[in-house]
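Trainee: structure for this input, please:
(one chain, ligands or ions: 1)
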Amino acid sequence: MAAISGITSHLSFTVLRKLLSLPSMLTTHFVRSTSSQPDLQAIRDELEKFQGGSVDLEMDDQSGIAIMMLNNPKRLNSLTGKMMVDMANHITALEKWSLGKGLVLVGASGNFCSGGDLTFVRKALHYGEEMAAFQHDTLTRLLNLPLVSVALLQGHTLGGGAELSTACDFRVMSSSARLGFVQIKMGLTTGWGATTRLVHLFGRQKALGLLTSAKVFSAEEAEKEGLVDHVLSYALQPEEELSVCKNWLASNYCGYDADLTQAVKSSVVHCDLSGDLIESLRNERRVFGQFWGGSAQRVALEAKIKHK
Ligand SMILES: CC[C@@H](C(=O)O)C(=O)SCCNC(=O)CCNC(=O)[C@H](O)C(C)(C)COP(=O)(O)OP(=O)(O)OC[C@H]1O[C@@H](n2cnc3c(N)ncnc32)[C@H](O)[C@@H]1OP(=O)(O)O
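Mentor: Here you go, the predicted structure:
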């Protein structure tokens with residue numbers, strides 16, 4: 001991703017300003033936001049004080065697929081500070097999961113996420129850029145996990161919830177669900193990195209339209225717009241949809257060894273982040289060399305596979 005990878009990336013502001021000839025207002029803002037590196041540990045300690053709900057993780061070594069559940073159902077799984085910290089901790093565990101192939105991000109009780117928990121938001125109005133810095137780091141790490149990730153969009157996916165969905169590789173949507181980047185209606189721009197990811201995913205014009213319209217899409221509309229990769233059958237009950245989504249991920253994108261799946265995702269991420277084709281090809285060649293002549297290739301050659 002050409003965007004900032006993690007938040008440790010440091011842009012040379014002088015170079016950037018010359019390249020982009022930024023207007024003074026944006027220049028001032030940009031200087032403020034890049035003038036110091038946020039202390040993520042201090043922000044974590046502060047966010048943890050905003051209690052409520054949890055994010056829970058199940059890692060299945062057998063299937064190689066993990067389920068990360070946003071668990072604040074009485075508040076439509078909106079995120080508190082404590083839940084942001086939970087998610088960051090789980091992503092650190094997933095980064096080290098040697099048997100991992102896939103991840104499903106889901107909300108409890110048939111609802112994905114209705115954004116930031118407004119009780120938390122009202123208490124944290126002094127803490128916006130710090131929260132954003134923490135979430136940028138967490139969601140960039142989520143997107144770059146060496147796993148194939150899918151967000152299961154059920155019920156409401158609004159504001160920050162819509163932002164979370166853009167930090168997964170794929171999006172599967174329940175036929176009755178709704179998806180909307182409503183930040184502008186809340187007097188906000190995106191706080192969790194979705195502007196950057198939407199431009200990268202869909203291009204400037206579609207990203208601009210999603211963010212300035214605050215349109216809330218039905219599943220049918222979202223699929224037509226290309227915002228989601230698969231819409232589930234309307235015949236399914238919410239409790240059936242998680243297993244159907246997990247099977248969709250397993251059968252389409254997690255059918256091979258974990259080390260190969262992780263190597264492919266890591267190469268895709270490397271290419272995305274480097275923005276340098278020569279460097280990306282160099283990395284791709286290095287990874288290829290790790291598998292060429294290896295046991296998986298020898299077994300496949302022996303099997304004389306016909307790809308019908
Ligand atoms: C900080 C990140 C920022 C960003 O950068 O994107 C944001 O995310 S801003 C927040 C954006 N989200 C919202 O503004 C959503 C607000 N909620 C709604 O619009 C509606 O609740 C709904 C999602 C359309 C559902 O409406 P409805 O079906 O009528 O249910 P209720 O409104 O009764 O909700 C049930 C229950 O859940 C509570 N709830 C819902 N959303 C949130 C939230 N974001 N934070 C906290 N609580 C939330 C709602 O208050 C109800 O609880 P009770 O009032 O106790 O019944």
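Trainee: flag the shaky bits of this protein, pLDDT-wise.
Mentor: For the chain, the stretches flagged by pLDDT under 70 are 1-35.
Trainee: what residues does it put near the ligand?
Mentor: Residues of the chain found near the ligand (CB under 6 Å from any ligand atom) are 75-76, 78, 114-119, 121, 156, 158-160, 163, 182-183, 186, 188, 190-192. No exception for glycine: its C-beta is placed from N, CA and C like everyone else's.
Trainee: just those: which are in helices?
Mentor: Judged by DSSP state H, these include 118-119, 121, 160, 163 as members of helices.
Trainee: count the neighbours of the residue in the stretch 201-308 of the chain that the ligand sits nearest to for me.
Mentor: Closest approach between the stretch 201-308 of the chain and the ligand, counting by CB to the nearest ligand atom: residue 216, at 8.2 Å. Per other CB atoms under 10 Å, the neighbour tally for residue 216 reads 17.
Trainee: where does the closest residue to it other than its chain neighbours fall, phi/psi-wise?
Mentor: Spatially, and ignoring its direct neighbours in sequence, residue 216 is nearest to residue 180 (3.4 Å; CB to CB, 6 or more residues apart in numbering). Note on residue 180: its backbone torsions stand at phi -160, psi 140 [degrees, to the nearest 10].
Trainee: strands of this protein, start to end?
Mentor: Under the criterion DSSP state E, strands of the chain are mapped to 54-60, 65-71, 102-107, 148-153, 156-158, 170-173, 178-180, 216-218, 230-231.
Trainee: so what does the third one touch, helix or strand wise?
Mentor: Pointing back at strand 102-107 there. Counting by 3 or more CB pairs under 8 Å, 6 or more residues apart in numbering; DSSP states H and E, the packing neighbours recorded for strand 102-107 are strand 65-71, strand 148-153, helix 160-165, helix 238-253.
Trainee: what sits up against the last one?
Mentor: By CB atoms under 8 Å, 6 or more residues apart in numbering, the surrounding residues in contact with helix 238-253 are 63, 65, 67, 102, 104, 106, 109-110, 148, 150, 152, 154-155, 170, 172, 174, 230, 232, 236, 261.
Trainee: got a markdown table for the strands of the chain, with distance to residue 291 too?
Mentor: Below are those laid out as a markdown table (distance: least, CB to CB, whole Å):
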| stretch | distance to residue 291 |
| --- | --- |
| strand 54-60 | 24 |
| strand 65-71 | 22 |
| strand 102-107 | 20 |
| strand 148-153 | 18 |
| strand 156-158 | 37 |
| strand 170-173 | 24 |
| strand 178-180 | 38 |
| strand 216-218 | 40 |
| strand 230-231 | 29 |
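Trainee: these: which one's closest to residue 290?
Mentor: For residue 290, the closest of the strands of the chain is strand 148-153, at 19.2 Å, according to CB to CB.
Trainee: in its sheet, what does that closest one sit against?
Mentor: Strand 148-153 sits in its sheet next to strand 102-107 (parallel), strand 170-173 (parallel), going by DSSP bridges.
Trainee: what would those strands look like in CSV with distance to residue 86 and mean neighbour count?
Mentor: Shown next, in CSV, are the strands paired with strand 148-153 (distance: least, CB to CB, whole Å; neighbours: other CB atoms under 10 Å):
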stretch, distance to residue 86, mean neighbour count
strand 102-107, 13, 26
strand 170-173, 22, 25
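Trainee: reformat those strands as JSON lines; add distance to residue 290.
Mentor: Listed next are those as JSON lines, based on distance: least, CB to CB, whole Å:
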{"stretch": "strand 102-107", "distance to residue 290": "21"}
{"stretch": "strand 170-173", "distance to residue 290": "26"}
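Trainee: ok, which of the ones you listed comes nearest residue 203?
Mentor: strand 170-173 (16.8 Å).
Trainee: could the helices and strands packed on strand 102-107 go into TSV alongside distance to residue 293 and mean neighbour count?
Mentor: Shown next, in TSV, are the helices and strands packed on strand 102-107 (distance: least, CB to CB, whole Å; neighbours: other CB under 10 Å):
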stretch	distance to residue 293	mean neighbour count
strand 65-71	29	22
strand 148-153	26	28
helix 160-165	40	28
helix 238-253	25	17
